[in-house]
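# coords please:
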Amino acid sequence: MTFQVTVLGTGSAKPTIHRHHSAHALNVHEQFYLVDCGEGTQSRLIECGINPLKLNAAFISHLHGDHTYGLFPLISTMGLMGRRTPLTVFAPAPMGEVMNCHYRYFDTNLPFEVVYREVDTRKHALLHENSVMEVWSIPLRHRIPTAGYLFREKRPGLNVRKEAIARYGLGIAQIAAAKRGEPLTTADGTLLPNDEITYTPYEPRSYAYCSDTMYSGKAAGIVHGANLLYHEATFAHADRALARETGHSTALQAAKAAVKAEAGRLLIGHFSSRYKEVSLLVEEARTLFPATEAAQERHTYDIPIIRNA
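From the prediction side, this is the model:
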């Protein structure tokens, strides 16, 4: 039951030879999703061995070029690769208008449908769900309307304890009832509370993407308990005035968000081109939140399953 995040880009607006623009690829139970799509994303996907045709949907945080300029080339390439299944793009307005304009002049004969779903950046709302996970929007604080995204596994079905089956001689119908969450009554009239005979096989996992944004206590509360939190850390705290002016966070503020969220791990990224090395940013964040790493491009971060006894 895979839950992995592959970082495709860690840079911010100004291109550098060492960092690509923002994009993450998420694999949840072998279902693939794209979060942001900066310039060059399709090349990064190929480098990382991720087939673009496997992408089920793309989630765009906001309409700045370093988060969107790779989307239309990627969609065009999908058409060349023979994609037939629809691709859903979740993004704030006016992305629908931008897409309509593009398709009046480019990719006019795509062999698949691109479906646009507008994201209200003011609301924490359920955007997408299937049998194994949900995707929620996270209102963020940036210069233009921006949303982060919370990917969360659904709670798995109950398992019945083997010792309970043996001890009480539970039959198939009773086991099925217990898995539905029902209490049981044995042949001698003993009531068996459901929580004494069942257990959740593993804890649901979650990943949160918060970029671009200033520090937001509200956003940190929404992603509370996230196993992996990606939070932008464009600047060092010494440059906090510039961060505030441009609607970004410092590494220390990213760590503050992780502390409030009680996250398992913090990945920081969206680094300003002024920092050739990001060790300063990591060290800064670790003073508040030791479980901090600098996101590494083309690296896949696994969120391991935690099984219950």
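# same question for stretch 15-26, mean pLDDT?
Mean pLDDT, stretch 15-26: 94.
# ditto for stretch 179-189
pLDDT averaged over stretch 179-189 gives 86.
# Would you mark the buried spots in that stretch?
L184 (16 or more other CB atoms under 10 Å). (Glycine included, C-beta is placed from N, CA and C.)
# next one: stretch 187-198
In stretch 187-198, counting by 16+ other CB under 10 Å, buried: 192, 194, 197-198.
# what's the answer for stretch 302-309, then?
For stretch 302-309, burial by neighbour count (16+ other CB under 10 Å) applies to I303.
# And stretch 25-36, by the same measure?
By 16+ other CB under 10 Å, the buried positions in stretch 25-36 come out as 25-28, 31-36.
# Now tell me what touches it from outside.
For stretch 25-36, contacts defined as CB atoms under 8 Å, 6 or more residues apart in numbering pick out 1-6, 8, 22-24, 41, 45, 48, 50, 54-61, 67-68, 74, 130, 132-133, 135, 149, 151, 153, 207, 209, 211.
# now do stretch 104-124
Stretch 104-124 has contacts (CB under 8 Å, 6+ apart) with 59, 62, 72, 75-76, 78-79, 82-93, 95-96, 99, 103, 127, 136-140, 145-147, 222.
# What's the ChimeraX line that selects buried ones from the residues you listed?
Of these, the buried ones go into a single ChimeraX selection, burial set by 16+ other CB under 10 Å:
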select :59,62,72,75,78,83,87,88,89,90,91,92,95,99,127,136,137,138,139,140,145,146,147,222
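# re earlier: filter the contacts of stretch 25-36 down to the ones in strands?
Per DSSP state E, strands hold the following members of the contacts of stretch 25-36: 3-6, 8, 23-24, 55-59, 133, 135, 149, 151, 153, 207, 209.
# Is it possible to mark the buried ones in these?
Buried members of the ones in strands among the contacts of stretch 25-36, counted by 16+ other CB under 10 Å: 3-6, 8, 23-24, 55-59, 133, 135, 149, 151, 153, 207, 209.
# Show me the two of the buried residues of stretch 25-36 that sit farthest apart.
Spatial extent of those (CB to CB) is set by the pair Q31 and D36 at 17.9 Å.
# Tell me which residue lies farthest from the centre of the chain.
The centre of the chain is farthest from one residue, D188, which by CA atoms, centre = their mean lies 49.9 Å away.
# E245 belongs to a helix?
Yes - counting by DSSP: H, G, I helix; E, B strand; the rest coil, E245 is part of a helix.
# How much space separates it from H67?
19 Å (CB to CB, to the nearest Å).
# Look at the two and report which has more neighbours.
Set E245 next to H67 and count neighbours by other CB atoms under 10 Å: H67 wins out with 28 against 10.
# Show the contacting residues for that one.
By CB under 8 Å, 6+ apart, the neighbours of H67 are 21-22, 36-38, 60-61, 211-212.
# any idea how far H24 is from it?
11 Å.
# swap in E284?
According to CB to CB, E284 stands 23 Å off from H24.
# do the same with L63
18 Å.
# Kindly report the same for G49.
Separation of G49 from H24 (CB to CB) stands at 15 Å.
# got a pLDDT number for A164?
With respect to pLDDT, A164 has a value of 82.
# OK, contacts around it?
Going by CB under 8 Å, 6+ apart, A164 touches 170, 192, 196-198.
# how much space between the spatially closest residue to A226 that is not a sequence neighbour and L192?
Nearest residue to A226, sequence neighbours excluded (CB to CB, 6 or more residues apart in numbering): A208, at 4.3 Å. To L192, A208 is 38 Å away according to CB to CB.
# Y207 now?
Applying CB to CB, the value for Y207 to L192 is 37 Å.
# Run through who's touching stretch 271-291.
In contact with stretch 271-291 (CB under 8 Å, 6+ apart) are residues 10-12, 14-16, 18-19, 233-237, 239, 250-252, 254-256, 258-259, 263-266, 268, 292-294.
# Which ones among these lie within helices?
Judged by DSSP state H, the contacts of stretch 271-291 include 251-252, 254-256, 258-259 as members of helices.
# Using TSV, lay out those together with pLDDT, neighbour count and distance to E113.
As requested, the ones in helices among the contacts of stretch 271-291 are exported to TSV (pLDDT from 0 to 100; neighbours: other CB atoms under 10 Å; distance: CB to CB, whole Å):
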residue	pLDDT	neighbour count	distance to E113
A251	98	32	41
L252	98	22	44
A254	98	32	37
A255	98	29	42
K256	98	19	42
A258	98	28	39
V259	98	13	43
